[in-house]
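Visitor: Model the following, please.
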Amino acid sequence: MVIKISNMIYLASDHKGYELKGKIKVWLRNWGYEFGDLGPSAYVADDDYPDYVSKVGELISAQSESLGIVLGFTGEGEAIVCNKYFHVRTAVYNGGTKDIIKLSREHNDANVLSLGAGFVNEVEAKEALKLWLDTKFSGEERHVRRLKKIEAIESANFKKLAGY
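Guide: You can find the predicted model right below:
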């Protein structure tokens, strides 16, 4: 059973992100963040990332002030899963310029970071994570307007699926 606590950072991975997730827990603890590990609790070579990262998507959807960090080999599949949940905006970082990290928070108010553990080394992951956590949403009108449009699309699609 997952305990819901607002202002938490929720973590989940698959086998490819498991080792890096352990390092992230140490960094978060050292930086003074409260976090919850949603799995896996042990390395399982053939696990499936949706089983774990979906828990992050669910909790972030329900808790507007919480953040999530998910990890897999590329980070792409994990982001796709999390983005299936309402009000979840997942940014992917699997190397390259860290400008995308900053912009994902400033412009898109990304509340989940998906890291491609197969493409970033420990130093890159630590720098990207710290930058992502330290960067806040700008609140600029144009970005707020765009996020409201995204929410309207989410709501309309939900209503279609529910038959309203």
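
Visitor: residues contacting the residue nearest the centre of the chain?
Guide: Centre of the chain computed as the mean C-alpha position; nearest residue by C-alpha atoms, centre = their mean is V112, 2.1 Å away. By C-beta atoms under 8 Å, 6 or more residues apart in numbering, the residues touching V112 are 56-57, 60, 67-70, 79, 82, 88-91. C-betas here are computed from N, CA, C, even on glycine.

Visitor: and which of those is nearest to F137?
Guide: R89 (10.1 Å; C-beta to C-beta).

Visitor: what's near enough to touch that closest one?
Guide: R89 neighbours (C-beta under 8 Å, 6+ apart): 83, 104, 108-112, 147, 150.

Visitor: just A125 next, same as before
Guide: 20, 23-24, 115, 117.

Visitor: Am I right that it sits in a strand?
Guide: No - counting by DSSP: H, G, I helix; E, B strand; the rest coil, A125 falls outside a strand, being helix.

Visitor: Please report how far it lies from F158.
Guide: From A125 across to F158, the span is 34 Å (C-beta to C-beta, to the nearest Å).

Visitor: Next: A110.
Guide: 21 Å.

Visitor: Between those two, tell me which one has more neighbours.
Guide: Legend: neighbour count by other C-beta atoms under 10 Å for A110 and F158, higher for A110 (24 against 11).
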